[in-house]
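> sequence plus the predicted model coming up.
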Number of protein chains: 4
Amino acid sequence: MSTEPSTPTDERLRDADRSQATILAAARDEFAEHGLGGARVDRIAERAGLNKRLIYYYFADKERLFQAVLEQAYRDIRAAEQDLHLLDLPPADAVRRLVEFTWNYYLAHPEFLTLLNSANLHRARHLTDSQRARELNTPLIETLGEILERGRREGSFRGGVDPLQLYVSIAGMAYFYLSNNHTLSAIFGRDLMAAKALQQRLSHMSDVILGYVLI
Amino acid sequence: MSTEPSTPTDERLRDADRSQATILAAARDEFAEHGLGGARVDRIAERAGLNKRLIYYYFADKERLFQAVLEQAYRDIRAAEQDLHLLDLPPADAVRRLVEFTWNYYLAHPEFLTLLNSANLHRARHLTDSQRARELNTPLIETLGEILERGRREGSFRGGVDPLQLYVSIAGMAYFYLSNNHTLSAIFGRDLMAAKALQQRLSHMSDVILGYVLI
Amino acid sequence: MSTEPSTPTDERLRDADRSQATILAAARDEFAEHGLGGARVDRIAERAGLNKRLIYYYFADKERLFQAVLEQAYRDIRAAEQDLHLLDLPPADAVRRLVEFTWNYYLAHPEFLTLLNSANLHRARHLTDSQRARELNTPLIETLGEILERGRREGSFRGGVDPLQLYVSIAGMAYFYLSNNHTLSAIFGRDLMAAKALQQRLSHMSDVILGYVLI
Amino acid sequence: MSTEPSTPTDERLRDADRSQATILAAARDEFAEHGLGGARVDRIAERAGLNKRLIYYYFADKERLFQAVLEQAYRDIRAAEQDLHLLDLPPADAVRRLVEFTWNYYLAHPEFLTLLNSANLHRARHLTDSQRARELNTPLIETLGEILERGRREGSFRGGVDPLQLYVSIAGMAYFYLSNNHTLSAIFGRDLMAAKALQQRLSHMSDVILGYVLI
DNA sequence: TATGAATGAGAATTCATTCAT
DNA sequence: TATGAATGAATTCTCATTCAT
């Protein structure tokens, strides 16, 4: 509704929408930086340049604000995934593209990783409406399943690959490297975020995943 | 009179050590459950069955307690890894064993995952003495490097595999599945912690990793 | 509609100002009674009849509250000094009046003495903006300097008297007697705060100071 | 008793005395630096290089330790004053010498000023045995009284000078300058502790006091 | 005499949240 | 819609003091 061009009387509402979006973005950054427990409502208000009271007006409390942030984050990544049009590509290209996309998305949206962490620290209890979450997320797995099936039928992919397992592996390889880069860089004494290192990681990931699915 | 430390001293020392260890274990559980920001010093004291003041007596503050917990966690996993004696096995078996070990260790020590998450949320700033951290952690990568080299020389492994990349992939595949299992289970509507699902995951991981390194 | 600040805004502002002033007065009394280290924020809130949180809302922390109290105290005494219009009096009368004023002010504001004590125990580190402090305080010394100069030109005062030295002597004679009256009363077995004793002290001070400046 | 050379069996006792003295000195410094409320028993133990428990063993609690420190401080200054042998000097010299001594003693023992401050902040409630305090302190006033009387009889001093008033004036002029030097230096923008400034202060003090007593 | 371990009561400060307008 | 003032309930941390040996 709010994406529609609004009539003059809607101006107030549009301000309201804008305020909500501003709060949401500020909250996302704060939660990403400090986790749910470490985030401060005061700081969110400050980041948003809006009065703290307004946060409560729109989002009731910190928990539900966090929930709203999470939902937005899922919506964003799934929307981006749908733009990939993986089914328009030959299977191997589609898998490679998914690997690349996942890597680049995580790289461009480090806050997504942290939010996911926080969500899981709290045992995903903020995913209240899992029915809706499922609807939002299953398309990707279904798409990947179809790609794998096509590849198998073409004779280029091995059979028996569970798309969910494969997706988790792709995500995990990207996620762990990026999410733990501070620890890993310190522990192994290498700058894992240098441009060349990043390139090598993506290349490694593609090799592993395609080395696995391709016969 | 004897050269042995006298019993009373000994006991006192042991009490101090025991208290510290008790606090550390309690803190580990609390931090794992709630993250650094959500952890409560009061609860740690309660869990430990010791006076809250004692925590400050031994660990100065919450931050340094967290640091001590992290260090202990690293020491534990690295010690367990060294018990694997990977170099006594044929290369392929060694890699498989590392995959299995990583999976089982994460499964048995879910707190390790959460601690790692928290550490990275705080950009690993608790890894103060990274020199020591490096010394603690590099042996594993060196061992894996030697395994890969042996396999290559034997003709069974592909060449050019970076052991750090491989290790991160192994860890990431296990980590993401387990760490995010709540979100994933909710999102994809499958119980990822069911015994059979766990078995399938390990099997998938081994397939992917060995499918990649074996020629 | 009018250019006057609207009533509601005004009231709100006044409430904030009033709250701050109330806190400041309560803090002044608490600090004066117990020193910085012995003062309790809880008690200040109680004295002020306001929520403790509000103290932090307005003054950030105990240290800065103390600083605000000190600044207010200086502002108060310097304002009172300016009301004396010493330059309108003949030199000897002006000096006598300054002695009397100092004595009476200290007597009426015992908290000023204790605050000064505390400030100096902490090496005046709360006088952050000493530029402003200087501007606030130098006029008095300048005035006294002019009085001394006039007296000298008239032939009634001795020359070469440093106004700062003289001021410190006046203040010191009053201050020590009042500030240490408990110790002195106990040590010398006389009630130094009896009305007659107070009168005698003022008379002694005037004698000493005028005996010194008058030729 | 403890100043006597001890027999071999007294060795333990002498250690005890030494410990007590060490604690006392450490406590004096701590109290002088931070006041009663700001002093920390832990820090006193640290300064003394002795176990905290020992402080309680010897001095029961912080209050009584403070009391012991104060008593020692009074004993010290009064002992020093008695070494002056003021009665051996001509009256004017005796007064000048008392002024100089007071100034130099305060200068050399800044902790004495702070302790006095603290004592008075607490309304001298640590002067429990005021009978003993009086005995300790009155000799000075009596001596000064005799000096003033002699001067008057000689015709060089004015009559009717209360020795207690005079003493308080001397002490006050020195005390205020030194005790508040931080505030004063900041407020008036002059370094009051520079060698020349110190000299000028003493000279001013002597001028004022002698200008007053001498006819 | 001397000490390291342990503690309960408090103290400063923080934080999410509500009030009043 | 928007905001500054206000608050109660924690929460981290501190401190004098005692225990046990």
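That came through fine. Computed from a prediction, not measured in an experiment: that's the story for all the values here.
> OK, contacts around residue A:198?
By Cβ atoms under 8 Å, 6 or more residues apart in numbering or on different chains, the residues touching residue A:198 are A:107, A:192. Yep, even glycine has a C-beta here, placed from its N, CA and C like the rest.
> ditto for residue A:32
Counting by Cβ under 8 Å, 6+ apart, residue A:32 makes contact with A:110, A:111, A:112, A:114, A:115.
> could you do residue A:196 as well?
Going by Cβ under 8 Å, 6+ apart, residue A:196 touches no other residue.
> now for the helix or strand bottoming out on mean pLDDT in chain A, which elements pack on it?
Using mean pLDDT, DSSP states H and E, the weakest-scoring helix or strand in chain A turns out to be helix A:181-188, at a mean of 82. Applying 3 or more Cβ pairs under 8 Å, 6 or more residues apart in numbering or on different chains; DSSP states H and E, we find helix A:181-188 packed against helix B:110-121, helix B:130-154.
> what does the first one contact?
Under the contact criterion Cβ under 8 Å, 6+ apart, helix B:110-121 has outside partners A:34-35, A:38, A:114, A:117-118, A:120-121, A:179-183, B:28-29, B:31-33, B:35-36, B:66, B:69-70, B:73, B:76-77, B:105-106, B:126-127, B:175, B:178-179.
> among those residues, name the buried ones.
Buried members of the contacts of helix B:110-121, counted by 16 or more other Cβ atoms under 10 Å in any protein chain shown: A:34-35, A:38, A:114, A:117-118, A:120-121, A:179-183, B:28-29, B:31-33, B:35-36, B:66, B:69-70, B:73, B:77, B:105-106, B:126-127, B:175, B:178-179.
> enumerate the residues of chain A near chain D.
For chain A, no residue is in contact with chain D (Cβ under 8 Å from any Cβ of the partner chain).
> got the domain ranges for chain A?
A:1-59, A:63-213 (automatic domain parsing).
> for residue D:207, find the nearest of the ones you listed.
Closest to residue D:207 of the domains of chain A, according to Cβ to Cβ: domain A:1-59, at 59.8 Å.
> quick one: the helices in chain A, in order.
Taking DSSP state H, the helices of chain A run over residues A:11-38, A:41-48, A:52-59, A:62-82, A:91-108, A:110-121, A:130-154, A:163-179, A:181-188, A:195-213.
> and the first one, anywhere near DNA strand E?
In this case it means helix A:11-38. No - counting by Cβ under 7 Å from any atom of the strand, no contacts exist between helix A:11-38 and DNA strand E, the nearest distance being 7.6 Å.
> and the angle from that helix to helix A:52-59?
100 degrees (axes from the mean of the first three to the mean of the last three Cα atoms, to 10 degrees).
> report the mean per-residue pLDDT for helix A:11-38.
Across helix A:11-38, the average pLDDT comes to 88.
> and what of the fifth one?
Predicted confidence along helix A:91-108 averages 98 (mean pLDDT).
> report the distance from that helix to the chain centre.
Mean C-alpha position of helix A:91-108 versus that of the full chain (Cα atoms, centre = their mean, to the nearest Å) differs by 13 Å.
> quick revisit: pull the residues that contact the least confident helix or strand of chain A.
A:177, A:190-193, B:74, B:116, B:119-120, B:123-125, B:127, B:130, B:133-134, B:136-138, B:141, B:164, B:168.
> show the buried residues in these.
Among the contacts of helix A:181-188, those scoring as buried are A:177, A:192, B:74, B:116, B:119-120, B:124, B:127, B:130, B:133, B:136-138, B:141, B:164, B:168 (criterion: 16+ other Cβ under 10 Å).
> could you turn the buried ones of the contacts of residue A:32 into a ChimeraX selection?
Per 16+ other Cβ under 10 Å, the buried members of these correspond to this ChimeraX selection:
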select /A:111,112,114,115
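> can you pick out the most distant pair from the contacts of residue A:32?
Among the contacts of residue A:32, A:110 and A:115 lie farthest apart (Cβ to Cβ), at 9.8 Å.
> tell me the residues of chain A that contact DNA strand E?
For chain A, the residues in contact with DNA strand E (Cβ under 7 Å from any atom of the strand) are A:39, A:40, A:41, A:42, A:52, A:53, A:56, A:61, A:62, A:63.
> can you put the residues you listed in a markdown table and add distance to residue D:89 and neighbour count?
Listed next are the residues of chain A next to DNA strand E as a markdown table, based on distance: Cβ to Cβ, whole Å; neighbours: other Cβ atoms under 10 Å in any protein chain shown:
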| residue | distance to residue D:89 | neighbour count |
| --- | --- | --- |
| A:39 | 76 | 22 |
| A:40 | 71 | 14 |
| A:41 | 74 | 16 |
| A:42 | 70 | 11 |
| A:52 | 74 | 15 |
| A:53 | 77 | 9 |
| A:56 | 80 | 15 |
| A:61 | 81 | 11 |
| A:62 | 78 | 17 |
| A:63 | 83 | 13 |
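> among those, which are within reach of DNA strand F?
Answer for the residues of chain A next to DNA strand E near DNA strand F (Cβ under 7 Å from any atom of the strand): A:52, A:53.
> list the contacts for the residue of chain A found nearest DNA strand F?
Here chain A gets closest to DNA strand F at one residue, residue A:53, 3.0 Å apart by Cβ to the nearest atom of the strand. With contacts defined as Cβ under 8 Å, 6+ apart, residue A:53 has no neighbours.
> what's the closest non-adjacent residue to residue A:136?
Nearest non-adjacent residue to residue A:136, counting by Cβ to Cβ, 6 or more residues apart in numbering or on different chains: residue A:78, 5.5 Å away.
> quick one: the one you found from residue C:28, how far?
Residue A:78 sits at a distance of 60 Å from residue C:28 (criterion: Cβ to Cβ, to the nearest Å).
> do the same with residue A:177
To residue C:28, residue A:177 is 59 Å away according to Cβ to Cβ.
> quick revisit: could I get the contacts of residue A:32 as a markdown table with distance to residue D:214?
Putting these into a markdown table (distance: Cβ to Cβ, whole Å) gives the following:
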| residue | distance to residue D:214 |
| --- | --- |
| A:110 | 83 |
| A:111 | 83 |
| A:112 | 88 |
| A:114 | 82 |
| A:115 | 85 |
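> low-confidence regions, chain A specifically.
A:1-14, A:128-130 (pLDDT under 70).
> if we go to 50?
Residue ranges of chain A with pLDDT under 50: A:1-8.
> what sits against residue A:86?
By Cβ under 8 Å, 6+ apart, the contact set of residue A:86 is A:94, A:97, A:98, A:143, A:144, A:147.
> what does residue A:55 give?
A:23, A:27, A:41, A:44, A:45, A:48, A:65.
> and of those residues, the nearest to residue A:207?
Proximity of the contacts of residue A:55 to residue A:207 (Cβ to Cβ) peaks at residue A:27, which lies at 38.3 Å.
> shouldn't the closest one be in contact with residue A:44?
Yes - if you go by Cβ atoms under 8 Å, residue A:27 and residue A:44 touch, sitting 4.9 Å apart.
> surely the residue nearest to residue A:136 and residue A:137 touch.
Yes - with contacts counted by Cβ under 8 Å, residue A:78 reaches residue A:137, the gap being 6.4 Å.
> using PDB, write down the CA coordinates of stretch A:17-27.
Output in PDB follows, covering the C-alpha atoms of stretch A:17-27 (Å, rounded to 0.1, in the frame of the first residue of the first chain):
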ATOM      1  CA  ASP A  17       6.200   5.400   6.800                       C
ATOM      2  CA  ARG A  18       9.500   7.200   6.400                       C
ATOM      3  CA  SER A  19       9.900   7.500  10.100                       C
ATOM      4  CA  GLN A  20       9.300   3.800  10.500                       C
ATOM      5  CA  ALA A  21      11.800   2.900   7.800                       C
ATOM      6  CA  THR A  22      14.300   5.200   9.300                       C
ATOM      7  CA  ILE A  23      13.900   3.500  12.700                       C
ATOM      8  CA  LEU A  24      14.100   0.100  11.100                       C
ATOM      9  CA  ALA A  25      17.300   0.900   9.400                       C
ATOM     10  CA  ALA A  26      18.800   2.400  12.500                       C
ATOM     11  CA  ALA A  27      17.700  -0.600  14.500                       C
END
